[in-house]
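K.L.:
I'll drop the sequence and a predicted model, then ask my questions.
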Amino acid sequence: MILFVCVENAGRSQMAEAFARKYDLAASSAGTVPSSKVNPLVAQVMIEKGLDISSNSPKSLTLQMIKDASLVVTMGCSVEEACPRPMLAQMQKKLVDWNLEDPRGKPIERIREIRDDIERRVIELSRVQKPVS
């Protein structure tokens with residue numbers, strides 16, 4: 001399973017999880033300091049791709065999630081105090097950082113660009129990861 005991690009689990013990691021599932025990958029997402037809800041503009045741009053994440057609930061990152069993951073993808077950190085990368089690096093897991101811009105507070109046009117970048121990266125992952133059986 002691929003675990004997508006960011007700080008709030010309200011934007012980038014939610015989009016990545018939705019795209020991963022679309023491309024038949026086992027995936028989950030979580031945040032180190034989860035928001036109370038998915039970013040509404042992120043949900044809106046995902047609807048444009050036929051994926052409704054508006055009712056998803058941001059989840060808190062747990063040790064079990066990390067243990068269950070075959071690959072952990074961090075999204076990039078905008079809040080250094082809550083960045084998951086240092087903690088995850090100590091877990092000796094296969095770790096990749098996509099270093100993506102946080103969509104929070106961005107105009108919808110920029111959020112679409114971030115979404116499309118995430119989809120492209122997930123498609124690349126789907127070429128090397130095993131699909132859900």
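P.N.:
Received it, and whenever you're ready, just let me know what you need.
K.L.:
Give the buried residues for stretch 104-112.
P.N.:
Arg104, Lys106, Ile111, Arg112 (16 or more other Cβ atoms under 10 Å). Bear in mind the C-beta positions are built from the backbone N, C-alpha and C, glycine included.
K.L.:
Export those as TSV, with columns for pLDDT and distance to Ile53.
P.N.:
Converted to TSV, the buried residues of stretch 104-112 look like this (pLDDT from 0 to 100; distance: Cβ to Cβ, whole Å):
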residue	pLDDT	distance to Ile53
Arg104	93	15
Lys106	97	17
Ile111	98	13
Arg112	98	15
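K.L.:
which one of those is nearest Lys49?
P.N.:
Lys49 lies nearest to Arg112 out of the buried residues of stretch 104-112, by Cβ to Cβ, at 9.5 Å.
K.L.:
nearest spatial neighbour of that closest one, skipping sequence neighbours?
P.N.:
Val45 (5.2 Å; Cβ to Cβ, 6 or more residues apart in numbering).
K.L.:
Among the buried residues of stretch 104-112, which pair sits farthest apart?
P.N.:
Pairwise distances across the buried residues of stretch 104-112 peak at 14.7 Å for Arg104 and Arg112 (criterion: Cβ to Cβ).
K.L.:
Could the C-alpha coordinates of the helix of greatest length in the chain be exported in CSV?
P.N.:
Using DSSP state H to define each element, the chain has its longest helix at helix 108-128. Output of helix 108-128 as CSV, limited to C-alpha atoms (Å, rounded to 0.1, in the frame of the first residue of the first chain):
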residue,chain,number,x,y,z
ILE,A,108,-8.3,27.7,-8.3
GLU,A,109,-6.2,27.9,-11.4
ARG,A,110,-3.0,27.1,-9.4
ILE,A,111,-4.8,24.3,-7.5
ARG,A,112,-5.7,22.8,-10.9
GLU,A,113,-2.0,22.8,-11.9
ILE,A,114,-1.1,21.1,-8.5
ARG,A,115,-3.8,18.5,-9.1
ASP,A,116,-2.6,17.8,-12.6
ASP,A,117,1.0,17.4,-11.4
ILE,A,118,-0.2,15.0,-8.7
GLU,A,119,-2.1,13.0,-11.3
ARG,A,120,0.9,12.8,-13.5
ARG,A,121,3.1,11.5,-10.6
VAL,A,122,0.5,8.9,-9.6
ILE,A,123,0.3,7.6,-13.2
GLU,A,124,4.1,7.2,-13.1
LEU,A,125,3.8,5.3,-9.8
SER,A,126,1.1,3.1,-11.2
ARG,A,127,3.5,1.9,-13.9
VAL,A,128,5.9,0.6,-11.2
